[in-house]
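Participant: here you go, sequence then predicted model.
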Amino acid sequence: MSKEIKVAELFAGVGGFRLGLDGYHDSAHPEFDMPSAGPFKTIWANQWEPPGSKARQFAARCYESHFGEDSVVNEDINRVLDQAERGEIDIPTIDMVVGGFPCQDYSVARPLSQAHGIEGKKGVLWWDIYRFLKLQNDRSEDAARYCLFENVDRLLKSPASQRGRDFAIILSCLAERGYSVEWRVVNSAEYGFPQRRKRVYIFAERNADWTIETRLQNGVMSRAFPMEAPGEENIREVFVPEDPYDASENFNLAGKTSPFMDAGIMVGHRVLTCPVIEKYDGARKTLGDVLIPLDEVPEEFFIEPEQLPKWEYLKGSKREERTNKKTGFTYWYSEGQMAFPDATNRPSRTILTGEGGRGASRFKHVIKCEDGRYRRLVPDELDQLQGFPRGWTNTGMTDGNRAFCMGNALVTGIPHLIGKAICELR
């Protein structure tokens, strides 16, 4: 199998999907070399950070510094699609669409039968993905044959008032476009990576010839991330409405929990879903595996001794009376204890966008050094916890912005494994 798979990367960030699928080679920077997952070639990408100011486009500049001038369209995707639909610009025909999009309110404004078809809330990025797919699908049956998306795992359960509705809308949209779908909630640490990061990955194939009864065990996701056979008693059948508007208005209205579990398949509008028990016996990495030598850590990343009590308080368990400053309402606030310092012999906790900055925080990582001092993680370590080469985001942005980029990124090894499985089944 050698035919090139042309890829479009939406909401590209600093290139996590591209790095995982295409790999990377630059003779001028051999330290960044990474293997490809197969004959993937990203030929179009979009990255734009609201509100659109030049100062906020640091991720796009990082992307372009690695992949070349004009490798990414740095403009609001909604505006780009408007221009493409009017014929003012051309987006190339591609084989695969990838992207990580935020968990938002995906509710649908009108039924398929009404003018203009499916319509959702403005600013919800799923609808830009849908528009991109329609633009490609309308050109050719073979265009955008594959999709690979990433989201937080709560997507399967949102919103709280109608559990599973948002994912049902997404599945209904994909079915309307002719796609069959696999999904899997993956905790990267359970497959050997040095960070505990749980995300849902959604793989879709258009005009696919899948057998739904066997796909849970022989599909792309099960090849990439082996799991124990679920047993028939653990497999649930769900039917997704044909019209996304129907899913928006009526899906699981009486249900207290989402019908969607951590693994699933959809063919047509029929879904089979099951819980997951990971099956992995390979090497396992830890936070300690990505730490740089102590003498390379800048002084500002060490915590001053007088600041330690503040960190300990924020990390500790609490049950205390508090007062709302606006309303004067008094209430009891409680939260559990977090590890302090973070263990270096286990995978790290999930990196968040607020990892940067000197200020004490409940959620930032802190490690204890061999000399007894405490320090925060440096950006080079955050890069590596997400599977990027050390120094990937060191392209002129601030340390805080580097941390922000990694908090928004994905573990590059996950799409790499999925890409390999796609090629095996292609």
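Facilitator: Structure's in. What do you need?
Participant: please make it C-alpha for all contacts and neighbour counts, starting now.
Facilitator: Fine.
Participant: is I367 located within a helix, as I assumed?
Facilitator: No. Secondary structure of I367 (DSSP: H, G, I helix; E, B strand; the rest coil): strand, not part of a helix.
Participant: next one: phi and psi at the nearest residue to D90 once chain neighbours are set aside?
Facilitator: Spatial nearest neighbour of D90, chain neighbours left out: A84 (5.9 Å); criterion: C-alpha to C-alpha, 6 or more residues apart in numbering. Geometry field for A84 lists phi and psi as phi -70, psi -40, criterion degrees, to the nearest 10.
Participant: next one, pLDDT for A84 please.
Facilitator: In this model, A84 is scored at 96, pLDDT.
Participant: so it is in contact with N78, correct?
Facilitator: No. Between A84 and N78 there is no contact under C-alpha atoms under 8 Å: 9.9 Å.
Participant: the more surrounded of these two?
Facilitator: N78 (18 against 15; other C-alpha atoms under 10 Å).
Participant: quick one: which helix or strand includes the residue nearest to that one when sequence neighbours are not counted?
Facilitator: Here the nearest residue to N78 in space, its sequence neighbours aside, is D128; by C-alpha to C-alpha, 6+ apart that works out to 6.3 Å. According to DSSP states H and E, D128 maps onto helix 125-137.
Participant: which elements pack onto that helix?
Facilitator: Judged by 3 or more C-alpha pairs under 8 Å, 6 or more residues apart in numbering; DSSP states H and E, the packing partners of helix 125-137 are helix 77-85.
Participant: state the next helix or strand along the chain beyond the helix it packs on.
Facilitator: Per DSSP H and E, the first helix or strand lying C-terminal to helix 77-85 is strand 96-100.
Participant: show residues contacting that next one.
Facilitator: 5-12, 17, 133, 143-151 (C-alpha atoms under 8 Å, 6 or more residues apart in numbering).
Participant: now do the buried residues in the next helix or strand after that strand.
Facilitator: Next helix or strand after strand 96-100 toward the C-terminus (DSSP H and E): strand 108-110. For strand 108-110, the neighbour count (16 or more other C-alpha atoms under 10 Å) marks V108, R110 as buried.
Participant: so how far is strand 108-110 from its chain's centroid?
Facilitator: From the chain centre to the centre of strand 108-110 is a distance of 26 Å (C-alpha atoms, centre = their mean, to the nearest Å).
Participant: give the rounded mean pLDDT of it.
Facilitator: 83.
Participant: parallel or antiparallel, list what pairs with it.
Facilitator: Here strand 108-110 is paired, per DSSP bridges, with strand 119-120 (antiparallel).
Participant: residues contacting the partner strand, please?
Facilitator: For strand 119-120, using C-alpha under 8 Å, 6+ apart, the contacting residues are Y106, S107, V108, A109, R110, W127.
Participant: now for the residues you listed: which two are most distant?
Facilitator: Largest separation among these by C-alpha to C-alpha: R110 and W127, giving 13.2 Å.
Participant: can you map out the helices along the protein?
Facilitator: Under the criterion DSSP state H, the chain contains helices at 16-22, 58-67, 77-85, 125-137, 165-176, 212-218, 220-224, 244-250, 308-315, 379-385, 399-408, 413-425.
Participant: any idea how many residues pack against Y106?
Facilitator: With other C-alpha under 10 Å as criterion, Y106 counts 24.
Participant: do the same with P298
Facilitator: Neighbourhood size, P298 [other C-alpha under 10 Å]: 10.
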